[in-house]
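> what shape does this take:
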Amino acid sequence: MERICRLREALAKYNLTPVIVARYKRNSQDVESALNTLKLSGVTAICLVGTYEPLSEFINSAQKQGFNPEYTSVSFVPSFDLFDEVNSPSNIMVTEIVPNPLNCNDNFCTEFLADMQASNIKKPSRLHFEGYINAMAFSKAAKNCQFPLQQSCLMNELNSLLVTDTLIQKLFINTENNNKRNVYRSYYVNK
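Next up is the predicted model:
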């Protein structure tokens with residue numbers, strides 16, 4: 001519910017509102033009612049909010065019924081999980097908070113890929129990359145705290161990385177507008 005409110009707030013900044021909102025039961029793949037509601041409304045674009053299993057079920061079912069809108073999903077859904085489950089031609093864009101390490105030209109991405117290769121991980125994903133970034137950030141923050149490690153110190157140091165660490169800034173802070181975070185897009189390529 002909170003994500004839908006944030007979506008509406010984001011749309012309102014551009015004087016937009018959803019044509020219709022359809023929901024499905026949380027922690028289920030029972031998407032049929034939401035699919036029927038949206039299909040009957042005639043919408044041509046859908047912003048999906050949820051986990052990859054019901055979203056892929058929705059997209060695959062829509063395609064089987066001849067309903068082919070454009071889709072977008074927020075970073076709540078890892079693109080690689082969603083894309084692996086979609087088995088029909090579809091137009092999908094997923095926004096995420098970390099870049100695809102396989103398409104990233106940054107030195108940190110190159111270092112990550114070298115470390116993955118050294119660890120015999122042949123197909124590193126964004127999930128690996130997120131873990132790698134988390135470990136790096138935790139390590140940097142923890143080094144600035146006294147032991148035994150206190151939660152308050154760790155949280156302060158993690159937050160300060162956004163201000164003091166150029167690598168973290170490069171990955172997460174929009175260089176054109178420091179009040180915004182970077183958003184990376186992934187596009188589904190039909191199977």
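
> can you list contacts of the strand or helix carrying residue 60?
Secondary structure assigned from DSSP states H and E places residue 60 in helix 52-64. With CB atoms under 8 Å, 6 or more residues apart in numbering as the test, helix 52-64 has contacts from 24, 28-32, 34-35, 39, 48, 68-69, 71, 73, 77-78, 81-82, 85-90, 92. All C-beta atoms are positioned from the backbone trio N, CA, C, and that covers glycine.

> report the distance from that helix to the chain centre.
In terms of CA atoms, centre = their mean, to the nearest Å, the centre of helix 52-64 is found 18 Å from the chain centre.

> how about that helix as PDB, C-alpha atoms only?
This file holds the C-alpha atoms of helix 52-64, laid out as PDB (Å, rounded to 0.1, in the frame of the first residue of the first chain):
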ATOM      1  CA  TYR A  52       8.700 -11.300  -9.300                       C
ATOM      2  CA  GLU A  53       6.500 -14.500  -9.000                       C
ATOM      3  CA  PRO A  54       3.100 -12.800  -9.200                       C
ATOM      4  CA  LEU A  55       4.300 -10.200 -11.600                       C
ATOM      5  CA  SER A  56       5.700 -12.800 -14.000                       C
ATOM      6  CA  GLU A  57       2.400 -14.800 -13.600                       C
ATOM      7  CA  PHE A  58       0.500 -11.600 -14.500                       C
ATOM      8  CA  ILE A  59       2.600 -10.800 -17.600                       C
ATOM      9  CA  ASN A  60       2.500 -14.400 -18.900                       C
ATOM     10  CA  SER A  61      -1.300 -14.700 -18.300                       C
ATOM     11  CA  ALA A  62      -1.900 -11.300 -20.000                       C
ATOM     12  CA  GLN A  63       0.100 -12.400 -23.000                       C
ATOM     13  CA  LYS A  64      -1.900 -15.700 -23.300                       C
END
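
> wait, what's in contact with residue 188?
For residue 188, counting by CB under 8 Å, 6+ apart, the contacting residues are 79, 82, 83, 86, 90, 91, 92, 93, 94.

> sweet, I'm off.
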